[in-house]
Structure formats: structure tokens, C-alpha cells
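Enquirer: here you go, sequence then predicted model.
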Amino acid sequence: VGFVSEDEYLEIQGITREQSGDYECSASNDVAAPVVRRVKVTVNSKGTGVPVGQKGTLQCEASAVPSAEFQWYKDDKRLIEGKKGVKVENRPFLSKLIFFNVSEHDYGNYTCVASNKLGHTNASIMLFEVKTTALTPWK
């Protein structure tokens, strides 16, 4: 199913992985031939399980031109750079939220917001607890 918008932007609410793919934008007026641009949209949304006390990473990717700027939120509160035990690594198409020593307080829903001058999009990613089982030797 295609999406059509007569507006300056196309907003897809609740996008799913199946809606990943190439999208085309065409701009025209009565003076010149239409200008057409294609953009590849990749939808990756999943959770990450990490045991207490271990290192954990949440990853967010955005294919955007111009390159996107990333912001991370937990429960609608923006994460401040330099929070103890947490580091954000940003690259042009990728942002990582790294936890050096995951605690119970860190578990929950995180939102990555990618934006540039043309718009913004977001994805929710769960950081959840994985229980480790201690192995005892046979006697």
C-alpha cells in the first residue's frame, strides 16, 4: 500500500518494519519540470536484554539527508549528556546509548529522536532485565 500526501511532508504514524523501503517525493510547479527525490526508510525497533551489573547498548539508526541529529529520552525525560554511567556515541547515521553498569533503575522504555531541518522521527526501544543463572559444579 502506498502513501500519498499533498503536504510538505509525509507522516506515517505507528510505522512498522514492513513499511521500510524506498519513498519518493516529487515537487512541482508551473515553471519547471518536477523535481523527484528518493529516500530509503529503515525501521528497526527492538528491545535489548541485559543482566544487572553488565554493559548494555541501545542503538538507533536513521538514514537521512542531511544527516540526523539524535536525542535520547527515558519516560519522556531527555537524557542529559554526561550522566554518570551512561554515554551517548553519535555518528552521522547512528546513535548508541551505552550503559557501563546496568542497574534496576536503568530498565525501561527509551525513545530515540532523529531530526534534521526537514523533520523528525522517533523509535522506542526497551532495555529489559535478563536473569543470569549461576552454575554450580557437579559433586
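Expert: Ah, there it is. Numbering: from 1, shown residues only.
Enquirer: which residue sits closest to residue 117, ignoring its sequence neighbours?
Expert: Spatially, and ignoring its direct neighbours in sequence, residue 117 is nearest to residue 66 (6.7 Å; Cβ to Cβ, 6 or more residues apart in numbering). Heads up, the C-betas are built off the backbone N, CA and C, glycines and all.
Enquirer: give me the residue at the spatial middle of this protein.
Expert: residue 60 (3.5 Å; Cα atoms, centre = their mean).
Enquirer: sec struct for that residue, please.
Expert: With DSSP: H, G, I helix; E, B strand; the rest coil as the basis, residue 60 sits in strand.
Enquirer: the lengthiest strand in the chain - what's its average pLDDT?
Expert: Ranked by residue count under DSSP state E, the longest strand found in the chain is strand 119-129. Strand 119-129 comes out with an average pLDDT of 87.
Enquirer: just stretch 75-92 next, same as before
Expert: For stretch 75-92, the per-residue pLDDT averages 84.
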